[in-house]
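Trainee: Task: produce atomic coordinates for the following.
(chains A and B)
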Amino acid sequence: ILNVEQSPQSLHVQEGDSTNFTCSFPSSNFYALHWYRWETAKSPEALFVMTLNGDEKKKGRISATLNTKEGYSYLYIKGSQPEDSATYLCAFYDGTASKLTFGTGTRLQVTL
Amino acid sequence: DAGVIQSPRHEVTEMGQEVTLRCKPISGHNSLFWYRQTMMRGLELLIYFNNNVPIDDSGMPEDRFSAKMPNASFSTLKIQPSEPRDSAVYFCASTLGTSETQYFGPGTRLLVL
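Mentor: Residues are numbered from 1 along each chain as shown, chains lettered A, B, ... in the order given. Below is the predicted model of the structure:
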């Protein structure tokens, strides 16, 4: 069983704060690392798919970095807004097992 | 594009009954995944298909669960007989390649009484 860990488990910030979360994954058999955004009562939506060590991706106020050698990825949100409130999931794609394993997510709540 | 379609959206059934969940992937996608979301385990992969062929069913809890994909545009997940511990949200997702971005359906919320 692959260990994909996310921290913190939950986070509560004020509007305008910048925040970041961590995803840790096995450093062997790395193929890709996915980030998804999951709003309550909806289904997960893809944010990024990252494949290269040192990769940085950005979508609006959200960005992510990847370190495959040490097995972690950071997701950053700049100037959090209430609409950013969601659970952020990362998922590790094992190139040998050809399988995507999800972390348990970081639940973000942004208040006014 | 309609996205991934799942039906029913909600299902309430009694213990022992057969439950069938349905999924229509995005047209042109060749991989389909069934996930279960529970409070305890988060999002766990049950089974996935590549070009309609089951590739990995190691996540299927037990023999009461079965899944089929008779063609590229339709898949079913069947639970027979259902038990209260099967209550969860079941998601279907499809993708162009197994490592690519997954597109999730709206989920089926199952409650077994």
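Trainee: only C-alpha atoms for contact and neighbour calcs from this point on.
Mentor: Will do.
Trainee: Around chain B, which positions in chain A sit nearby?
Mentor: Applying Cα under 8 Å from any Cα of the partner chain, we find that chain A lies next to chain B at A:31-32, A:34, A:42-46, A:48-49, A:93, A:98-104.
Trainee: can you map out the strands along chain B?
Mentor: Assigned by DSSP state E, the strands in chain B fall at B:5-7, B:10-13, B:19-24, B:31-38, B:42-50, B:53-56, B:65-71, B:74-79, B:88-95, B:103-104, B:108-112.
Trainee: Pairing partners for the helix or strand hosting A:Asn20, with directions?
Mentor: Of the helices and strands defined by DSSP states H and E, A:Asn20 is found in strand A:19-24. Applying DSSP bridges, strand A:19-24 is found paired with strand A:5-7 (antiparallel), strand A:72-77 (antiparallel).
Trainee: Below-threshold pLDDT in chain A: ranges please.
Mentor: A:1-2 (pLDDT under 70).
Trainee: contacting residues for residue 107?
Mentor: All of this is about chain A. With contact set as Cα atoms under 8 Å, 6 or more residues apart in numbering or on different chains, A:Arg107 has these partners: A:9-11, A:85-88.
Trainee: oops, chain B please
Mentor: Contact analysis of B:Gly107 by Cα under 8 Å, 6+ apart lists A:43, B:6-7, B:9, B:89-92.
Trainee: re earlier: could the strands paired with strand A:19-24 go into TSV alongside distance to B:Gly59 and mean neighbour count?
Mentor: Output for the strands paired with strand A:19-24, formatted as TSV (distance: least, Cα to Cα, whole Å; neighbours: other Cα atoms under 10 Å in any protein chain shown):
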stretch	distance to B:Gly59	mean neighbour count
strand A:5-7	19	21
strand A:72-77	25	21
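Trainee: For chain B, what lies in contact range of chain A?
Mentor: Counting by Cα under 8 Å from any Cα, chain B sits next to chain A at B:41-45, B:91, B:98-107.
Trainee: can you do 6 Å?
Mentor: Taking Cα under 6 Å from any Cα of the partner chain as the contact definition, chain B meets chain A at B:42, B:106.
Trainee: Mind listing the residues bridging to the most centrally placed residue in chain B?
Mentor: The residue lying closest to the centre of chain B (Cα atoms, centre = their mean) is B:Trp34, at 3.3 Å. As for beta bridges, B:Trp34 partners with B:Ile47, B:Cys92 under DSSP bridges.
Trainee: quick one: contacts of the strand or helix carrying A:Ala91?
Mentor: Per DSSP H and E: A:Ala91 is located in strand A:86-94. Strand A:86-94 is contacted by residues A:29-39, A:99-103, A:105-108 when judged by Cα atoms under 6 Å, 6 or more residues apart in numbering or on different chains.
Trainee: Filter the residues you listed down to just the ones in strands.
Mentor: Among the contacts of strand A:86-94, the members found in strands (DSSP E) are A:30-38, A:99-102, A:106-108.
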